[in-house]
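J.: return atomic coordinates for the entry below.
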Amino acid sequence: MSVYTRDTFVPDTSIGYLLRANHQLGYAQLDRVCADYGITGIQWSTLIAIHFGMTNCAALARDLAHDKGAMTRVIDVLEAKGLVQRDRDDADRRLVNLSLTPEGNAVAMRCRDGVIALWNAVLADWSADETASLIAQLQKLRRTLEHFA
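T.: As a prediction, this is how the structure comes out:
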């Protein structure tokens, strides 16, 4: 089945365009929420990813769609703020493991409450079924795109 033709492929129906536009709009709001805690949206995304078990820069870069250099700079800033620490892996000294400091964990959790409030406000007029359907379809799209990666 073909979803698009030359006649139907316009920005308002382009999945790529719509995802990018929503991503930019969402991150603008995320930056606003996170500013109250002295961090940016990408810094919070990094902190929360580490909190949930992502412990190396390469994995963070892949998951957060950043190049390794940009991710290293984000980690550098978080480390300078005292929110993240780097430790050499005991089994393989070439590897560097990332972890949250107690302050980093506290900032991540306080900011998470603001992010939850933001998304609850954004989705206030959506039904539970609409929200669940959107999440399921976005997860399916991610799996499909990962297959092509």
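J.: I'd assumed Val115 was in a helix, is it?
T.: Yes - secondary structure of Val115 (DSSP: H, G, I helix; E, B strand; the rest coil): part of a helix.
J.: residues in contact with the closest residue to it other than its chain neighbours?
T.: Leaving aside its sequence neighbours, Val115 sits nearest to Val33 (CB to CB, 6 or more residues apart in numbering; 5.9 Å). Using the backbone N, CA and C atoms, a C-beta is placed for each residue, glycine as well. Taking CB atoms under 8 Å, 6 or more residues apart in numbering, we find Val33 in contact with Gly41, Cys111, Gly114, Val115, Ala117, Leu118.
J.: now stretch 32-51: mean pLDDT?
T.: Taken as a whole, stretch 32-51 has a mean pLDDT of 97.
J.: repeat that for stretch 90-110.
T.: The average pLDDT within stretch 90-110 is 93.
J.: how about residues contacting it?
T.: So stretch 90-110 is contacted by 37-39, 44, 47-48, 50-51, 54-57, 60, 75, 78, 82-89 (CB under 8 Å, 6+ apart).
J.: now the end-to-end length of it.
T.: Taking CA to CA, to the nearest Å, stretch 90-110 runs 31 Å from one end to the other.
J.: returning to what we had before: just the buried residues out of the contacts of Val33, in PyMOL syntax.
T.: Typed into PyMOL, the line below selects the buried ones among those, using 16 or more other CB atoms under 10 Å:
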select buried, resi 41+111+114+115+118
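J.: now for the contacts of Val33, which pair is the farthest apart?
T.: Gly41 and Ala117 (14.6 Å; CB to CB).
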